[in-house]
Every structure is written in C-alpha cells, then in structure tokens.
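Enquirer: Starting from these lines, generate the structure:
(4 chains)
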There are 2 protein chains.
Amino acid sequence: MTDAIWTAIAETLRREIVEGSRQPGDRLPTEAQLSRRFGVNRHTVRRALSRLGEEGLVHSRRGAGAFVAARRTEYPLGARVRFHRNIRAGGRLPSRRIDHLEERPATAEEAEALELGPSGRIVLAEGVSFADGCPIALFASRFPAERLAGIAQALAEVASVTEALARVGVGDYARRSTRIGGELADPAQAAKLELSPGAPLVWTESLNVDPGGVPVEYGFTYFSGERVTLVLDHS
Amino acid sequence: MTDAIWTAIAETLRREIVEGSRQPGDRLPTEAQLSRRFGVNRHTVRRALSRLGEEGLVHSRRGAGAFVAARRTEYPLGARVRFHRNIRAGGRLPSRRIDHLEERPATAEEAEALELGPSGRIVLAEGVSFADGCPIALFASRFPAERLAGIAQALAEVASVTEALARVGVGDYARRSTRIGGELADPAQAAKLELSPGAPLVWTESLNVDPGGVPVEYGFTYFSGERVTLVLDHS
DNA sequence: CCATATTTGTTCGTATGTATC
DNA sequence: AGATACATACGAACAAATATG
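Expert: Numbering: from 1, shown residues only, chains lettered A, B, ... in the order given. This is a model prediction of the structure:
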C-alpha cells in the first residue's frame, strides 16, 4: 500500500484546520458523517482522527464529538522562570488552578532535591496552568514545609508561586537546573489538559533556589507539546 | 467500561519490559501469539502494541515483528552544546551519519536567522546522531556558505560539527538561543530513528554564533523523547 | 430531573495487501 | 517462491459519556 486511506483523510482534515476553515473550538462533523463524506468505514475515519488527536490538532470527547484545539503559546525557559510574567509577555492572560494540596513526609528523591534531612516534610501542590483559559501545562511542585512555614496557606490564597513564596519570606528565587523529556499523555493528564490521550507532552523537572542557593521549590511541569513552545535564551 | 482490556495488556507488556525480563533488541511474541496468551482478538493486542510503540518502548516492523527499544540517554543543553562531548560524558560512544548535503539559496527564515543578505546561500546538512549505535536524534543544520567557504567539504570529511567549523576558521562557538517543542514522529522520521510513527519527539531550534556574535550554524534537532532527556544547567 | 437519542470508545470477526524472512 | 507477520480496511455489536427534549 503506497499510502493508506486514513493518512489522506487526516491530511485533508489537517489542511482544513491549519488553513483556518475550521476555527479553534469548532466541532468537527461526527464520525458517521465523515465516513459518509469520504466513503469509508467509520474505523478508517477514526484512525485519521486518532492521528490528529495525537498531533494536538483536535480533541475528542466521548458522547460529545471532536473539537479543533487552540493555538501555540511561547514559554521562555531560563534562570528566572515566572509563569504569570511569561504568559503575559506573550500577550495572553495567565491563570492557575490548584487541584491538590497536601503536606506529607518527603520521599528520598524529594529530600535529596530539596536538601532535606531524613524526616523532612514537603508541601505538594498539583494543578493546571492556563493561557487565555486554555490549559497549557500540568504542574506538581514540592516545597520544603519546615523551611517555608505557611507555604500551603499562601499557595491556596494567591495561586501564584512567586507571590506565595514572597509571603513566606522568599523575596527572590532562581532556577538552578532543568531537565527536559518527552512522553505521551495518559488519560488523566489528557483530561486535565483537554487533549486526547497519547498526545505528546514535554516535561520539565526543575529546581528553584533562593539567592543563598537554598532550594525552595522542586517540581515537574508537563507542557502540551503542541500548544507550547519552550524558548531558551543563553545570554 | 471502567478500563479497557488493551490498557491492561499494554501495562503488562510495559512492566515486562521495564522490569528487564525483556531486553532491548528482544523480539516480542507475534500478535497472534499475544492474542492467544491474553485471550483477546488480535486488534486488541494491536491497540496495546500501538500505545507501547508511541511511548517508544517497542518498535514494530511490517513482516518482521515488534522489538524492544533501547534505553534513555542524557543530553546536556546549554550555551556550549557539543554533541560528541555530550554523548561521551554520558559514557556512550557518539557517531553521526550525514544523509544529505547541499548548497542552495537561503530561504527568508534561514537568511534572517543567519543574518544573511537577500542573495545569501547556505549549506544544509541533514542526518542522524547515534549513541552506542542507537539513533537518538535527527539534525538539519544550515551554515552560511559564503562566510564559511569549504564548510560542505569539511562536513563530509570529519562528520563532527565542531571539527568542521574549526577547519573553516571557527575555533569556538556558543549557542545563542534554543527553542523547544514537542511533536509526533512522521513515518520518515520514525524510520530513520528506528521508532514507530507517532512516537513523541522533542525538537530544538538553535542558533550558534562565533565569539564575535556572528551566526555560524542554525538548525533543528529532533530527539526521540523516550530515548533522550535534555538537561539544562542555569549556572 | 429524567428519558432518550446521539456520539464516541471498545471489542470482536473477517478479508486482503505488503514487507520480511 | 513460499510462509510468516504486520498493516489496512470493512462490518457488526455493545458500552459509556454526553446532549437534548
């Protein structure tokens, strides 16, 4: 088979999206309608939609339909990463939602990263970051509980990491290291990011330290690979 | 359906791979054998294998079988990125293969990045980077043809960018900027990287400049998201 | 709020094409 | 050349989530 039918269907739909005849948020025709339009079985359409879903161009919801996804955001990555400032610099409106907040003993990995003793405790904050109301990343941040007393309360109230850290006495901080990788969205991640499971994610593992070099935050962020471009400036 | 059968099958096979009972390079049982083992239709097994393929854990070849893929490599990313040094620092043997080498007029994008005039020419080098013989990234590098006379010849002979640049008079260079994104491997990319189409890629767009700030190389690199972790050090 | 139609998700069966061994 | 194995495509049925009246 020189090329499969489903690739041609995906290509047709992809062009309709990138050329703008289908706008972000628009609902695609149903699978049944598309299979009639292209004269193929529903499975063949599904294979094409699956690929577009993995590419991040469309997002399917059972019972609802398939929808065109939103546009790409630039996200500067450097020693001084600030989410709200980053997103506003791109002309978009930043927001965050914290889904989970708990205090518990640190795991070995967390203790090592945050330079805690064996009985150290951490505050874990998990949630979603948005640009213009569109989810662009999941975050899971760990803070040293004893070193930053009141951090959980502060996070719950202000929802900006920079402000929360300022409230507990960390006026400034910088990123010491970032590790980057790629993987695929599992169903839970996909649901929170409004992506299809199997969409590409770019994750970053980062450590932020105060001006004295003491760790204040250690976390992972999972960006939608198709909605975000990470920008690095070595200057 | 609380959870689908294919996810459980994928989870079982994934565990067998990550726990080491299936080694990199091993061939998995055939789809027919797996469907008998799990007591399901062949399509259900295929759905599971498809997911593992997207994750980069296995790689299927028509007519041959499905094979367990190789392990993750760390790749430091910073102002002074050197491929051969990076890979050797991780205790692996670096190599490169150049698949395509041509000189042609610069596109508008290339001319802007390399700061060329309207009639500027570039040398394009495309190929694959390996660690221990395992492909980890595709690269497509542009060099200013007039500014670096003889660069094509040099690239063909030494296959290390650092050495080739040294031959044409660029004794040192540094990276000015890097942009990072995620996407899925198309069939051509997947074939060169020995991945399944649809596997997650992390791409970087980078600009290297000489000590005077003059651009000497502009290119894209597509890393296998599952085989490579990019490491960033802000110090 | 509830009943029902709609729409996507999963699984099975079957057949055929195509690359590899 | 033949057997094996993966890739694609069609058809049918049911489950699960959603939308609609």
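
Enquirer: Those residues of chain A touching DNA strand D, which are they?
Expert: Within chain A, the positions near DNA strand D by CB under 7 Å from any atom of the strand are A:1, A:4-6, A:39-41, A:43-44, A:47, A:61-64. (C-beta placed from N, C-alpha, C; glycine too.)

Enquirer: Of those, just say which sits nearest to A:Pro144.
Expert: Using CB to CB, A:Arg61 is the member of those that lies nearest A:Pro144, at 39.2 Å.

Enquirer: So is the strand or helix carrying A:Phe67 next to DNA strand C?
Expert: A:Phe67 is part of strand A:65-68 when elements are defined by DSSP states H and E. Yes: applying CB under 7 Å from any atom of the strand, one finds strand A:65-68 touching DNA strand C at A:Gly65, A:Ala66.

Enquirer: Mind checking the pLDDT average for that strand?
Expert: Mean pLDDT, strand A:65-68: 93.

Enquirer: In the sheet, which strands lie alongside the next helix or strand along the chain from it, parallel or antiparallel?
Expert: Going down the chain from strand A:65-68, the next helix or strand is strand A:73-77, by DSSP H and E. According to DSSP bridges, strand A:73-77 forms sheet pairs with strand A:228-233 (parallel).

Enquirer: tell me which residues in the strand it pairs with are buried?
Expert: Within strand A:228-233, the residues scored as buried using 16 or more other CB atoms under 10 Å in any protein chain shown are A:Val228, A:Thr229, A:Leu230, A:Val231, A:Leu232.

Enquirer: just to revisit the earlier point, among the residues of chain A next to DNA strand D, which ones are buried?
Expert: Looks like those have A:Ile5, A:Trp6, A:Val40, A:Thr44, A:Arg47 buried, using 16+ other CB under 10 Å.

Enquirer: can the residues you listed go into a markdown table with extra columns for pLDDT and secondary structure?
Expert: Converted to a markdown table, these look like this (pLDDT from 0 to 100; DSSP: H, G, I helix; E, B strand; the rest coil):
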| residue | pLDDT | secondary structure |
| --- | --- | --- |
| A:Ile5 | 95 | helix |
| A:Trp6 | 96 | helix |
| A:Val40 | 96 | coil |
| A:Thr44 | 97 | helix |
| A:Arg47 | 96 | helix |
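
Enquirer: Is A:Val168 in contact with A:Ala149, as I believe?
Expert: Yes: with contact defined as CB atoms under 8 Å, A:Val168 reaches A:Ala149; the gap is 6.6 Å.

Enquirer: Of those two, which one has the most company?
Expert: A:Val168 (17 against 12; other CB atoms under 10 Å in any protein chain shown).

Enquirer: Give me the distance between that one and A:Phe130.
Expert: Taking CB to CB, to the nearest Å as the measure, A:Val168 falls 25 Å from A:Phe130.

Enquirer: Show me the shaky parts of chain A.
Expert: Within chain A, the segments meeting pLDDT under 70 span A:1-2, A:233-235.

Enquirer: Helices of that one, residue ranges please.
Expert: Here chain A has its helices, by DSSP state H, at A:5-18, A:31-38, A:42-55, A:83-89, A:108-114, A:151-158, A:161-167, A:187-193.

Enquirer: With respect to B:Val158, which of those lies nearest?
Expert: helix A:42-55 (37.0 Å).

Enquirer: How far does that closest one sit from its chain's centre?
Expert: 23 Å (CA atoms, centre = their mean, to the nearest Å).

Enquirer: next one: stretch A:63-80
Expert: 8 Å.

Enquirer: Check which residues of that stretch are buried.
Expert: Judged by neighbour count (16+ other CB under 10 Å), stretch A:63-80 contains these buried residues: A:Ala66, A:Phe67, A:Val68, A:Ala69, A:Ala70, A:Thr73, A:Glu74, A:Tyr75, A:Pro76, A:Leu77, A:Gly78, A:Ala79.

Enquirer: tell me the centre residue of chain A?
Expert: A:Ala137 (1.6 Å; CA atoms, centre = their mean).

Enquirer: Alongside chain B, which residues does chain A contribute?
Expert: Residues of chain A lying close to chain B by CB under 8 Å from any CB of the partner chain are A:51, A:54-55, A:77-79, A:174-184, A:198, A:200-202, A:223-226, A:228-235.

Enquirer: ok, now with 7 Å
Expert: For chain A, the residues in contact with chain B (CB under 7 Å from any CB of the partner chain) are A:54-55, A:78-79, A:175-184, A:198, A:200-202, A:225-226, A:229-234.

Enquirer: And the buried ones among the residues of chain A next to DNA strand D, which two are furthest apart?
Expert: Counting by CB to CB, the most remote pair of those is A:Val40 and A:Arg47, 9.6 Å apart.

Enquirer: who touches stretch A:225-235?
Expert: Residues from elsewhere that reach stretch A:225-235, judged by CB atoms under 7 Å, 6 or more residues apart in numbering or on different chains: A:55-56, A:70, A:72-78, A:136-137, A:182, A:199-202, A:223, B:78-79, B:175-183.

Enquirer: can you tell me the residue of chain A closest to DNA strand D?
Expert: When scored by CB to the nearest atom of the strand, chain A has A:Gly63 as its residue closest to DNA strand D, at 2.3 Å.

Enquirer: Next up, phi/psi of that residue, please.
Expert: Backbone torsions for A:Gly63, taken as degrees, to the nearest 10, come to phi 80, psi -20.

Enquirer: and the residue lying closest to A:Val58 once chain neighbours are set aside, what is it in contact with?
Expert: With sequence-adjacent residues excluded and distances taken as CB to CB, 6 or more residues apart in numbering or on different chains, A:Val58 is closest to A:Leu52, at 4.6 Å. Residues near A:Leu52 by CB under 7 Å, 6+ apart: A:Ala10, A:Leu13, A:Arg14, A:Val58.

Enquirer: do you know how far A:Leu52 is from chain B?
Expert: 10 Å (CB to the nearest CB, to the nearest Å).

Enquirer: Please report how far that residue lies from A:Gly169.
Expert: Relative to A:Gly169, and taking CB to CB, A:Leu52 is found at 48 Å.

Enquirer: what number of residues lie near the closest residue to A:Glu183 other than its chain neighbours?
Expert: What sits nearest to A:Glu183 in space, not counting adjacent residues and going by CB to CB, 6+ apart, is A:Leu201, at 5.5 Å. Residues lying near A:Leu201 (other CB under 10 Å) number 28.
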